[in-house]
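Student: Next comes the sequence, and after it the predicted model I'd like to discuss.
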Amino acid sequence: MVSFPRILFPVDLSKQSLCAAPFVKAMAARFHSEVTLLHVVEVPPAWSGATGEIAFSSWVDTPRLVEARGAELIGFQQRELTDLAVQPCVQTGDPAVIIQRVARQKQISLIMMPTHGYGPVRSLLLGSVTAKVLHDAECPVWTVLPGHVTEDPHTPCRNLICAIDTSSKALPLLRWAAEFAASQDAHLKLIHVVTGFDVEQCACEEDPLRDFVFDVARERIEKLQAQAGTHLEATVAAGRTGDVVREVAVADKADLVLIGRGVIQKPLGRLRSNAYAIVRDAPCPVISV
């Protein structure tokens, strides 16, 4: 049974964090989770290390700053996360590194954070910290793009979309998604996107090459489902991955999109291609497994 006993909610005390807070509260209430509310006072990378810390502290009163942010964090908790078991935590350093460290130390089962919609370091429309966490996290990561969600966060998840590829690496995701859907008593639909076809081929009613590729994809999905012991509705479509997943999610009024980020806890288990596009374009929250 999929559960999230320990949720990590990194916040920068921005409007985006406020937008994500109701979802964190709803998720924690649903799974009776303990929430670690984390704020990181960012130290500029050029000032990392002993000499850098000296340079930083020479003009910034770090202890006072940490104390002030801690007070803000307590206020955030009292306003946004009432009636939950919450552990506030303020640390200094690189936010992405600290988030990963806290997640490991506290054996976090789910990281929940907004995609800020800015930050060109790792993606033009993803915050750089979110992008790094998505890339490196060893546990599932929940994300939402503020402004793209209109549903009540406290509404139970009833319609789920799981975007999969057709390789054997999709099997753990398929099993996880099926188990999660069962735990939520939700309807789960699979979507596989075939890329490489132009607009005319996508729109054409009959295209031998496209139809052959689709048939092969459907056969592979059937084999994956046989291995996973699932019998889920599966859709195969052509186009840009982010666009197609978004269209299906909108049409099905999906409450949540599930995607894979590679083999969990493996040296080469990194974020799969197209995951950024799905996270960025989804009209609802996304859990990256």
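Tutor: Arrived safely.
Student: As a check, name the ranges of all strands in the stretch 51-200 of the chain.
Tutor: 85-93, 110-114, 141-144, 159-163, 187-194 (DSSP state E, counting those that start in this stretch).
Student: Mind listing the strands the longest one pairs with, and their directions?
Tutor: Each strand that pairs with strand 85-93, with its direction, by DSSP bridges: strand 34-42 (parallel).
Student: out of the strands of the stretch 51-200 of the chain, which comes closest to residue 254?
Tutor: Smallest distance to residue 254 across these (C-beta to C-beta): 4.5 Å, for strand 159-163. C-beta coordinates here come from the backbone N, C-alpha and C atoms, glycine included.
Student: That closest one packs against which elements?
Tutor: Judged by 3 or more C-beta pairs under 8 Å, 6 or more residues apart in numbering; DSSP states H and E, strand 159-163 is in contact with helix 170-184, strand 187-194, helix 241-251, strand 256-259.
Student: separation between residue 128 and residue 96?
Tutor: Using C-beta to C-beta, to the nearest Å, we find residue 128 at a distance of 8 Å from residue 96.
Student: Switch the helices and strands packed on strand 159-163 over to TSV; also include mean neighbour count.
Tutor: As requested, these are arranged in TSV below (neighbours: other C-beta atoms under 10 Å):
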stretch	mean neighbour count
helix 170-184	19
strand 187-194	21
helix 241-251	19
strand 256-259	25
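Student: Out of those, the one nearest residue 221 is which?
Tutor: strand 187-194 (6.2 Å).
Student: Distance from that closest one to the middle of the chain?
Tutor: How far strand 187-194 lies from its chain's middle: 17 Å, per C-alpha atoms, centre = their mean, to the nearest Å.
Student: And it, what does it pack against?
Tutor: Contact partners of strand 187-194 among helices and strands, from 3+ C-beta pairs under 8 Å, 6+ apart: strand 159-163, helix 170-184, helix 208-228, strand 233-238, helix 241-251.
Student: Taking their axis directions, that strand and helix 241-251 sit at what angle?
Tutor: Angle, strand 187-194 to helix 241-251, by axes from the mean of the first three to the mean of the last three C-alpha atoms, to 10 degrees: 150 degrees.
Student: Kindly reformat the helices and strands packed on strand 187-194 as CSV containing mean pLDDT.
Tutor: Converted to CSV, the helices and strands packed on strand 187-194 look like this (pLDDT from 0 to 100):
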stretch, mean pLDDT
strand 159-163, 96
helix 170-184, 94
helix 208-228, 91
strand 233-238, 92
helix 241-251, 93
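Student: contacting residues for residue 76?
Tutor: By C-beta atoms under 8 Å, 6 or more residues apart in numbering, the residues touching residue 76 are 11, 13, 17, 21, 37.
Student: Ok, residue 109 next?
Tutor: By C-beta under 8 Å, 6+ apart, the residues touching residue 109 are 3, 4, 5, 6, 7, 33, 139, 140.
Student: Kindly report the same for residue 40.
Tutor: Applying C-beta under 8 Å, 6+ apart, the residues near residue 40 are 10, 12, 90, 91, 92, 93, 94, 95, 98, 99.
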